[in-house]
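**Student:** with the sequence up front, the predicted model follows.
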Amino acid sequence: MKMKAIKNIILFCLILLSGTVSAQSGKSAADTTVHFKVYGACEMCKGRIETATKGRGVKIADWGIESKILSLTFNPSETSLDKIKNRILGAGHDLETKKAKDVVYNDLPECCLYRGNITASHGNEKTGTTDTPAEGAPGLQTIRGIVLEANNKGEFNPLAGASIFWLGTNKGVLADSLGYFEIGHTGTNTRLVVSYTGYTPDTIAVGNANELKIVMANNNQLRNVTVKTNPRSSYIATISPIRTEVMTAKELLKAACCNLSESFETNPSVDVAYNDAVTGSKQIQLLGLSGNYSQLTVENLPGPRGIATPLGLNSIAGPWIESIQLTKGVGSVANGFESIAGQINVELKKPETAEQLLANIYVNDAGKTDLNLNLNTKPGKHWSAGLLLHDNFLTNKQVDYNKDGFRDLPTGNQFSMVNRYRYDNQKGLMAQFGVKVMNDKRTGGQTAFDEAADKNTTNRYGLGINTERYEGFAKIGYVFPQKVYKSIGLQLAGISHTQDSYFGLTGYNAKQESFYSNLIYQSIIGNTNHKFRTGLSFQYDKYNENFKTTNYRRTEVVPGAFFEYTYIANSKFSAVAGIRADHNNLFGAFVTPRLNLRYEPFKGTVIRASAGRGQRTANIFAENTSVFVSARQVNIITTETGKAYGLNPEVAWNKGISIDQKFRLFQRDASFSADFFRNDFTNQVVVDVENARQVKFYNLQGKSYSNSFQAELSMIPATKLDVRLAYRFFDVKSTYGTELLKRPFISGHRAFLSIDYTTGNNWKFDYTITYNGRKRIPYTQDNPPPYRLERYSPDFIQMSAQISKTVGKKRAMDFYVGAENITDMFQQNVIIAASQPFSPYFDASMVWGPVTGRMLYAGWRFRIK
C-alpha cells in the first residue's frame, strides 16, 4: 500500500509539472484545450492527423497512437472545433461521432487502414479468411506465416522473435529475423496467439488458412491477413526508396552453399568466378565490376576487405547465413563511402531466433567435406547466446580435371567460429557483442608437389597460403520507449588479419589491423514524414605487405560525419538524400553525396532512381592474384610517393533506374523487373595485363565505365512451382594505355533460368541453367605460338540441380543430393605453360570459365527448433 501511495504522489507531481510546462509554453488565457478520440493506426496516421488540425488559431495538436486521443489546444475566437474536426474527417480519419468518407479512407496507405477486421481495442479475436481451402488431407499440416510491423514510414518490417503458439497449449515457435515462422497444425487447434514485447498479445482464428501474414501496427494491436502464396525465397523490398533484393534462407538452400561465394549461384544479378586456376579463391562480379567494387558487410559491419579480399568469400560459412541483402548502385551514406557497384550485407543467424541446434554435413565426389554446427541458447530472461562452428577439409591431391598436372583445388583445412551474445532489457536498451576466429591452411600447385621437399625450389611448383583472422565486434543501441522513431546506436569492430604465403618462388606475407566505429542517431523533423539520421564514423587500417623483396606499408585513418534525410510525401513518393564528409590522412578530404528516389504511380508499379559517388583505396596485390600465380613482372607506374603504392584512390559516380511491376499470371502472383546502371570512373587503378610479360598498375588516363541492364520475370505457373527467368547485358570498357578496350573476362550477355518445385510431402527439386556469352581474353601474342590464346573465349552453358527431402518437424532432418556443372564444361588449357611452371611464360590467371568439371555432392542437415 505504501508503494502504491508513493506512485500516486509521483504521478500527481508529474501532472503538476506537466501543467507548469504547458503554462510556460505560451498558452494564452483565451486558449481552450479539448480531448477527443480520432481513429488511426500508425505513425503515418499520427503525422496526417496532426497536420490536418493545423490552421489559424490552433496552437497544439498531439495524437496518441495507443489511446487514439487527440489533445487539442486552440483559440475559439479564431477558429471552431467543428472546422478542425471536418479537416480531420477530410484527411480520412473517423471520429467517434462521425465517419470519414469511404472514398477518402480507401485512398489511405495500407498500413493506415484501421477499419474492417481491426477493432479499436486490444485483445479481441480476429478471423482470417481465404478464398481457397487448406491443402492436404486431414491430419498434420504446417501453418506458415510472417509477422510484420507497420512502422512509422508505412513500411512492413519483420518482428524477429515474435512468439506464436496455440491457445491453451505450450506448443509454439519464434519468428526468425525475417519474421517467418512455421508451426504444426493438427486441426484440433483453431486459435493462434501472437505476442511480442511491447505489444498486447492477440488471438487469431486460423480457420482454413494455411499461410498467414500478420501485421502488428504501431498502436500495439494485431491485424491479420491471410495470403495464398508461398513465401518467396527472394524478393525486392517494395517500400524502401533504396532498391534491395533480399535472399532468404530458403533461397540459400537451393544449392549446397558451403560458403558465401556459393550463395549467389542461384541469383541472376551476381556472377561468381575463380580468381585463378590454382588458389581455389573466388570473386563476385556485380554490374560488370569485380567484387572489390562492392561493399561487403556482415550485419552492417565491415566484412572481408583489404588483404582479405581474395579469400574473404570463402570465410563465411553458408549454414551461418540467415539472409543476404543485395543493393545495386549507391546505398546509404550511413554505411560508408566505399560502395561503387553496390552493397552486399550478410545477416548471420541470431541466437534469439535461430534454431537451438543445426548440424550439417556435406561431401562431394572430390572428397571435400564440410562440417557445421550451430548452437543457440537463452541463459536468462534478457540474454541469448550463439556459437557457430565450421570446418572444411580436402586431402585429395589428384583433383585435376584437365590433366595438366596441377591441382584444380588446393588441399588443406579451414576452421572458423563465431561466438556471440545478445542482451535486451525490453525497455529499449539492446546490446550484442562477440568474437570471430578463422584459421585457414591451403597447399596447392602441381599434383606431385611435396611441401617438405619442394618448397622454395624449382623441383616442382607449389603454393601455400596460411591465414589467421581474428575479429571482435559490438553493437549498442537504445530506442526511446515513448518515441520509437528516435534511437541512438554505436557499432564497433576490430580485426587482425595475417596471411603468410608463397607461390612458386614468389613470397607474399601481409598483415592488416583495422578498427571501425559508427555512431548513429535518428529521429524525425516535426512528424514522421520527415526523418533523418546522422552520425560520426571512424575507419583505421594499418597494412604491412612484403611482396618478393619489397615492403609496402601504409596506415589509413579516415574520420567522417554523415547526414541522411528521408522524405515521405505519401504512399506513392519517397526520397532518401544523404551526404557525408570524410578525411583520409593519405588523400585528404572528400565529400560523398547520394540520392535515392521511389515513385509508385500505380498500385504494384514501383520506379526507383539513384545517383551518388563512391571512393575506395585499391589493394593491388591482394585483389589481383595474377601477380602471384604468373611469371609476369610487376610494374607500378607512378610519380608520387606517400600514397597507397603511389596510386590515387578510385572514384566513381553511379547512376541507376529500375522498375518493379507486380501482376497476376496463371491466377497467381508474378513480378517483372528491369534495371539499368552506369558507372563512370573519374579515377581508377588500371590493372593492365595486355602485355603477356607484365602486369602494370597505373592511374586511369582516359575513360572507364560500365553499363549494366537486367530484366527478370518471376512467376508461379502451378502450385508450389517457382520459375525465374533473367537476361543481363554488360558493356564494360576501360582505357589501357591509350586504347579503350572491353574489360577482360566479362561476359557481355548472360541468360538465367531457375525452376523450383516443392511437393506436398516435403520433397524439393531445384534446377538452374545459365548461359554465358563470350569474354575477351587479354593479348597473348607476345608469347611463342604454343602459349598464345584466342582473343575471345567461347560461350558456354552451365547447369546445376538439387533434390532434397525433409523429414520431421520440430527435429527436422534434410537429406539432399545435387550436381554442379552438370554439362561437365571446364576450361581445358587454363594454365599457360603448365609443363614449364618456372619459365617466363607461366600464367595461371587467364581464367574465363569453370576450373573444375561436374561435381556430385550429398549432405544431411538436422535441426532442433
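**Tutor:** Yep, it's here.

**Student:** go ahead and confirm Thr279 touches Ser626.
**Tutor:** No - using CB atoms under 8 Å, Thr279 is not in contact with Ser626; the gap is 10.8 Å. To be clear about C-beta, it is placed using only N, CA and C from the backbone, and glycine gets the same treatment.

**Student:** counting contacts, what elements does the helix or strand containing Val173 pack onto?
**Tutor:** Val173 is located in strand 172-174, with elements delineated by DSSP states H and E. Helices and strands touching strand 172-174, as assessed by 3 or more CB pairs under 8 Å, 6 or more residues apart in numbering; DSSP states H and E, comprise strand 163-166, strand 180-185.

**Student:** and the helix or strand following the last one, which strands flank it?
**Tutor:** When you say that, I think you mean strand 180-185. Moving toward the C-terminus from strand 180-185, the first helix or strand encountered (DSSP H and E) is strand 191-196. Neighbouring strands of strand 191-196 in its sheet, by DSSP bridges, are strand 163-166 (antiparallel), strand 199-205 (antiparallel).

**Student:** quickly, which of those strands bottoms out on average pLDDT?
**Tutor:** Mean pLDDT is lowest for strand 199-205 among those, at a mean of 68.

**Student:** got the buried residues for stretch 689-703?
**Tutor:** Val689, Glu690, Asn691, Ala692, Val695, Lys696, Phe697, Tyr698, Asn699, Leu700 (16 or more other CB atoms under 10 Å).

**Student:** mind listing what the residue lying closest to the fifth one once chain neighbours are set aside touches?
**Tutor:** If I follow you right, that is Val695. Sequence neighbours aside, Arg632 is the residue nearest to Val695 in space, at 4.6 Å (criterion: CB to CB, 6 or more residues apart in numbering). Arg632 makes contact with Ser626, Val689, Ala692, Arg693, Gln694, Val695, Asp843, according to CB atoms under 8 Å, 6 or more residues apart in numbering.

**Student:** Arg56 against Pro76, yeah?
**Tutor:** No - in this structure, Arg56 is not within contact of Pro76 by CB under 8 Å, at 12.0 Å.

**Student:** the two: who's more crowded?
**Tutor:** More neighbours surround Pro76 than the other of Arg56 and Pro76, with 12 against 9 (other CB atoms under 10 Å).

**Student:** isn't the more buried one right up against Thr32?
**Tutor:** Yes - counting by CB under 8 Å, Pro76 does reach Thr32; the two are 5.5 Å apart.

**Student:** ok, what's across the strand from the residue nearest the centre of the chain?
**Tutor:** In the chain, the residue lying closest to the centroid (CA atoms, centre = their mean) is Gln325, at 1.9 Å. Gln325 forms beta bridges with Val246, Asn345, as assigned by DSSP bridges.

**Student:** one more: Ile525?
**Tutor:** Here Ile525 sits in beta bridges with Asn527, as judged by DSSP bridges.

**Student:** separation between it and Phe562?
**Tutor:** 16 Å (CB to CB, to the nearest Å).

**Student:** with Gly412 instead?
**Tutor:** Using CB to CB, Gly412 is found at 41 Å from Phe562.

**Student:** Arg580 too?
**Tutor:** Taking CB to CB, one finds Arg580 at 4 Å from Phe562.

**Student:** who's in contact with the one helix or strand Val104 maps to?
**Tutor:** Assessed by DSSP H and E, Val104 sits inside helix 102-105. Residues from elsewhere that reach helix 102-105 (CB under 8 Å, 6+ apart): Gly90, Ala91, Gly92, Asp94, Lys99, Leu113, Arg115.

**Student:** is the last one located within a helix, as I assumed?
**Tutor:** If I follow you right, that is Arg115. No - the assignment for Arg115 is coil, going by DSSP: H, G, I helix; E, B strand; the rest coil, so no helix is present there.

**Student:** before we move on, back to that, could I get the buried residues of stretch 689-703 as a markdown table with distance to Thr770?
**Tutor:** Shown next, in a markdown table, are these (distance: CB to CB, whole Å):
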| residue | distance to Thr770 |
| --- | --- |
| Val689 | 26 |
| Glu690 | 28 |
| Asn691 | 32 |
| Ala692 | 30 |
| Val695 | 29 |
| Lys696 | 33 |
| Phe697 | 32 |
| Tyr698 | 34 |
| Asn699 | 35 |
| Leu700 | 31 |
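
**Student:** and of those residues, the nearest to Lys643?
**Tutor:** Nearest to Lys643 among these: Asn699, at 10.1 Å, using CB to CB.

**Student:** what bridges to the closest one?
**Tutor:** When assigned by DSSP bridges, Asn699 has beta-bridge partners Val685.

**Student:** and if you look at Ala431?
**Tutor:** Taking DSSP bridges as the rule, Ala431 bridges to Tyr423, Ile476.

**Student:** is it correct that it is in contact with Arg422?
**Tutor:** Yes - under the criterion of CB under 8 Å, Ala431 makes contact with Arg422 at 7.3 Å.

**Student:** which of those two has more neighbours?
**Tutor:** Legend: neighbour count by other CB under 10 Å for Ala431 and Arg422, higher for Arg422 (20 against 17).

**Student:** so who does the nearest residue to the more buried one once chain neighbours are set aside touch?
**Tutor:** Leaving out its chain neighbours, the residue that sits closest to Arg422 by CB to CB, 6+ apart is Gln432, at 4.3 Å. Neighbouring residues of Gln432 by CB under 8 Å, 6+ apart: Arg420, Tyr421, Arg422, Tyr423, Ala474, Lys475.

**Student:** all strands of the stretch 501-650 of the chain, in order?
**Tutor:** Here the stretch 501-650 of the chain has its strands, by DSSP state E, counting those that start in this stretch, at 506-525, 527-547, 550-568, 573-584, 588-602, 605-616, 633-636, 650-665.

**Student:** so what does the shortest one touch, helix or strand wise?
**Tutor:** If I follow you right, that is strand 633-636. Secondary-structure packing of strand 633-636 (3+ CB pairs under 8 Å, 6+ apart): strand 694-699.

**Student:** if I look at the nearest residue to Thr566 once chain neighbours are set aside, how far off is Ile146?
**Tutor:** Computed as CB to CB, 6+ apart, the closest residue to Thr566 that is not its neighbour in sequence is Lys531, at 4.3 Å. Per CB to CB, Lys531 is found 24 Å from Ile146.

**Student:** ok, now Gln295?
**Tutor:** Distance, Gln295 to Ile146, using CB to CB: 28 Å.

**Student:** circling back: with distance to Gln828 added, can I get the strands of the stretch 501-650 of the chain in CSV?
**Tutor:** Below are these laid out as CSV (distance: least, CB to CB, whole Å):
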stretch, distance to Gln828
strand 506-525, 26
strand 527-547, 31
strand 550-568, 36
strand 573-584, 45
strand 588-602, 45
strand 605-616, 36
strand 633-636, 27
strand 650-665, 35
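
**Student:** which one of those lies closest to Thr203?
**Tutor:** Closest to Thr203 of those is strand 527-547 (CB to CB; 29.4 Å).

**Student:** how about that closest one: buried residues?
**Tutor:** 527-529, 531-535, 537, 539-547.

**Student:** by contact count, what packs against that strand?
**Tutor:** Where contact means 3+ CB pairs under 8 Å, 6+ apart, strand 527-547 is packed against helix 43-53, strand 506-525, strand 550-568.

**Student:** neighbours around the closest residue to Asn459 other than its chain neighbours, how many?
**Tutor:** Nearest in space to Asn459, with sequence neighbours left out and distances taken as CB to CB, 6+ apart, is Ala453 at 7.0 Å. Neighbour count of Ala453, defined by other CB under 10 Å: 10.

**Student:** name the SS class of Ala453, please.
**Tutor:** helix.

**Student:** that one against Gly462, yeah?
**Tutor:** No - between Ala453 and Gly462 there is no contact under CB under 8 Å: 9.8 Å.
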